[in-house]
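*Asks:* requesting a structural model of the entry that follows:
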Amino acid sequence: MKFLDILGDMAPQAAVSGGNPEITGVEYDSRHVRPGNVFVAMRGGTTDGSRFIDAAVGNGAVAIVTDSPAANQREGVAWAKVPHGRRALAVASANFYGHPERKLRLTGITGTNGKTTTSFLVDAILRASGRKTLLVGTIEYHVADEIFPAPHTTPEALELQRMMRKAGEAGATDVVMEVSSHALAQERVYGLPYDVGVFTNLTRDHLDYHSDMEDYFAAKRVLFTGCGGPPPKTAVINTDDPWGGKLQEFCQERGVQVLGYGLFSGAFRALEVNLDTRGTTFRMQSPKGLEKIQTPLIGRVNVYNILAAAAAASARGCTMEQIADGVRGLHNVPGRFESVHCGQPFTVVVDYAHTDDAMKNLMVVARDFIGRMHNGRIITLFGCGGDRDRKKRPMMGLAAGSGSDFVVLTSDNPRSEDPMAIIEEAKAGVVQSGVKYVVEPDRRKAIELAVNEAREGDMLLIAGKGHERVQVLNTGTVPFSDVEVAREALAARGFTDCAAGAGK
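*Replies:* Okay, the predicted model is just below:
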């Protein structure tokens with residue numbers, strides 16, 4: 001493919017010079033450039049890709065696309081200066097891979113909490129209806145029958161186009177994608193035509209990046225206005241959520257079809273909800289009638305997730321029977337209320353809850369869970385991430401303390417911050433709750449302490465990191481899995497009957 005073909009519709013607006021070489025690939029990381037590639041040098045929040053142009057040329061780049069006003073053309077290299085680097089990356093990637101997004105049906109899921117579980121549910125329903133899918137999300141990417149770890153919830157446009165091309169070649173018909181507020185604000189999904197957009201809820205998170213809740217909401221709303229593409233044909237919105245109500249009005253004013261869902265409002269509603277330690281059942285009311293839903297997933301939050309997934313799948317043409325089959329077949333989602341059972345007489349659960357709202361929801365599920373079994377205690381271990389919104393730390397502490405009988409306060413991913421400084425800010429909320437607590441900044445030791453504290457009938461919640469396999473410290477990134485560390489701590493107490501694996 002020629003350079004001008006890669007630029008496509010950008011060419012008339014770009015300052016193009018230096019010829020029209022044959023292009024063998026697109027890259028935005030100079031370390032990945034190979035001979036014949038075009039290198040897209042984007043300006044970001046902390047760096048300017050033009051700094052790496054010489055490295056890219058040294059690795060064999062024959063063309064450069066840049067949005068840096070200061071970048072000067074290199075001799076013997078084709079050149080295009082564009083107004084927006086990420087948009088250029090999206091257009092170039094789509095052109096190079098033959099626009100696979102036009103051959104697939106895309107469902108995008110955004111919101112603060114519930115994105116991952118909802119995406120797994122939509123994926124399960126679509127597969128139950130006989131379709132092949134591409135799943136892109138926080139935990140992992142499913143490309144046809146292959147599974148890859150996910151470095152980002154929503155990757156850059158280049159990776160998305162590569163995966164969509166591969167999935168399409170494998171016979172995929174649908175893409176189910178978590179779409180983060182960062183990805184929407186940074187236009188990583190520029191030009192993608194979503195068939196269905198899903199909004200789960202909006203609570204305080206990422207205010208280290210967004211200036212306030214209105215700015216955070218505005219980023220989420222981009223999915224429903226269209227990011228360099230048309231708005232979704234159908235907007236699936238949690239109308240029980242106050243921000244969802246605002247989004248519903250916004251979409252309706254623009255002629256987008258809205259399918260609302262909730263426990264108290266919407267076209268998709270749950271009736272006769274029965275929450276049990278073995279799962280959840282309810283009757284789902286929808287425009288297509290009533291359907292009995294049975295799921296191994298527990299808790300009221302998962303009723304919301306199922307309603308969201310059902311509405312999205314219905315918009316994609318799935319029947320109520322296919323929806324029920326898909327929901328019933330999804331047994332768990334890694335790091336989302338994931339049980340770690342090694343034969344111990346108490347319950348250990350790993351969950352990704354890392355906001356005060358998610359922590360409150362986790363407490364509700366845990367209290368209901370343990371209340372139906374016996375009168376044990378809830379022990380909660382948590383920490384707060386470094387280099388992130390500091391104001392939510394005492395709020396998380398209050399939420400954890402208010403729902404627990406004992407709290408172990410530790411580190412999460414402290415990043416560049418002092419772990420004890422983070423803990424002190426979270427501790428203010430724990431102290432306000434009046435709960436008994438202990439501080440142990442070493443997360444491994446904290447998990448061991450919490451496991452040793454648990455007695456028959458108790459429930460231990462290990463919150464914050466969920467599915468993550470590393471811990472990010474100021475000295476670097478180290479391997480760390482809450483699930484594996486919990487299993488090791490249980491084994492040290494003599495509970496070793498977990499050969500089948502955690503969460504089974």
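*Asks:* any idea how many residues pack against A185?
*Replies:* 18 (other C-beta atoms under 10 Å). To be clear about C-beta, it is placed using only N, CA and C from the backbone, and glycine gets the same treatment.
*Asks:* and the residue nearest to it when sequence neighbours are not counted, how far from C227?
*Replies:* Leaving aside its chain neighbours, A185 sits nearest to A219 (4.4 Å; criterion: C-beta to C-beta, 6 or more residues apart in numbering). Distance from A219 to C227, counting by C-beta to C-beta, to the nearest Å: 10 Å.
*Asks:* surely A366 is within a strand?
*Replies:* No - A366 is assigned helix when assessed by DSSP: H, G, I helix; E, B strand; the rest coil, not a strand.
*Asks:* test my guess that it contacts V348.
*Replies:* No - counting by C-beta atoms under 8 Å, A366 stays clear of V348, with 11.5 Å between them.
*Asks:* so for the two, which residue has more residues nearby?
*Replies:* Per other C-beta under 10 Å, whichever of A366 and V348 has more neighbours is V348, with 28 against 25.
*Asks:* beta partners of the more buried one?
*Replies:* L460 (DSSP bridges).
*Asks:* what sits against it?
*Replies:* Listed by C-beta atoms under 8 Å, 6 or more residues apart in numbering, the contact partners of V348 are S339, V340, H341, V451, A454, M459, L460, I462, A486, L490.
*Asks:* now, those residues that are in helices?
*Replies:* Among those, DSSP state H puts V451, A486, L490 in helices.
*Asks:* hang on, the earlier thing: okay, the residue nearest to A185: pLDDT?
*Replies:* Note for A219: predicted pLDDT of 92.
*Asks:* ok but it is inside a strand, no?
*Replies:* No - applying three-state DSSP, one finds A219 to be helix, outside a strand.
*Asks:* from D357, how far off is it?
*Replies:* 17 Å.
*Asks:* my guess is Y304 contacts S265. True?
*Replies:* No - counting by C-beta under 8 Å, Y304 stays clear of S265, with 11.8 Å between them.
*Asks:* of these two, who's got more company?
*Replies:* Between Y304 and S265, counting by other C-beta under 10 Å, Y304 is the more crowded of the two (24 against 16).
*Asks:* rewinding a little: could you name every residue contacting both of Y304 and S265?
*Replies:* Taking C-beta under 8 Å, 6+ apart as the criterion, Y304 and S265 both touch D240.
*Asks:* per-residue pLDDT of the residue lying closest to F52 once chain neighbours are set aside, please?
*Replies:* Spatial nearest neighbour of F52, chain neighbours left out: S30 (3.9 Å); criterion: C-beta to C-beta, 6+ apart. Reported pLDDT at S30 in the predicted model: 97.
*Asks:* repeat that for D389.
*Replies:* Taking D389 on its own, its pLDDT is 87.
*Asks:* that one: neighbour count?
*Replies:* Residues near D389, counting by other C-beta under 10 Å: 17.
*Asks:* quick check: phi and psi at it.
*Replies:* The phi and psi values for D389, taken as degrees, to the nearest 10, are phi -50, psi 110.
*Asks:* that one and R131: what is the separation?
*Replies:* Distance from D389 to R131, by C-beta to C-beta: 38 Å.
*Asks:* ditto for T355
*Replies:* In terms of C-beta to C-beta, T355 sits 33 Å off from R131.
*Asks:* looking at these two, which is more packed in?
*Replies:* T355 (22 against 18).
*Asks:* so the more buried one makes contact with M396?
*Replies:* Yes - the criterion here is C-beta under 8 Å, and T355 meets it with M396 at 7.0 Å.
*Asks:* just give the number of residues close to H152.
*Replies:* What H152 shows, counting by other C-beta under 10 Å, is a neighbour count of 16.
*Asks:* who's in contact with it?
*Replies:* Counting by C-beta under 8 Å, 6+ apart, H152 has contacts S180, A183.
*Asks:* A183 versus that one, what's the distance?
*Replies:* For H152 relative to A183 (C-beta to C-beta), the value is 8 Å.
*Asks:* same deal with L135?
*Replies:* Distance, L135 to A183, by C-beta to C-beta: 16 Å.
*Asks:* name the residues contacting each of A219 and C227.
*Replies:* Taking C-beta under 8 Å, 6+ apart as the contact rule, A219 and C227 both touch L184.
*Asks:* helices or strands up against the helix or strand hosting E249?
*Replies:* Element membership for E249, per DSSP states H and E: helix 242-253. Helix 242-253 is packed against strand 194-199, helix 213-225, strand 234-238, strand 257-262, with contacts defined by 3 or more C-beta pairs under 8 Å, 6 or more residues apart in numbering; DSSP states H and E.
*Asks:* where among those is average confidence lowest?
*Replies:* helix 213-225 (a mean of 93).
*Asks:* now do that helix: distance to the chain's middle.
*Replies:* Here helix 213-225 is found 16 Å from its chain centre; the criterion is C-alpha atoms, centre = their mean, to the nearest Å.
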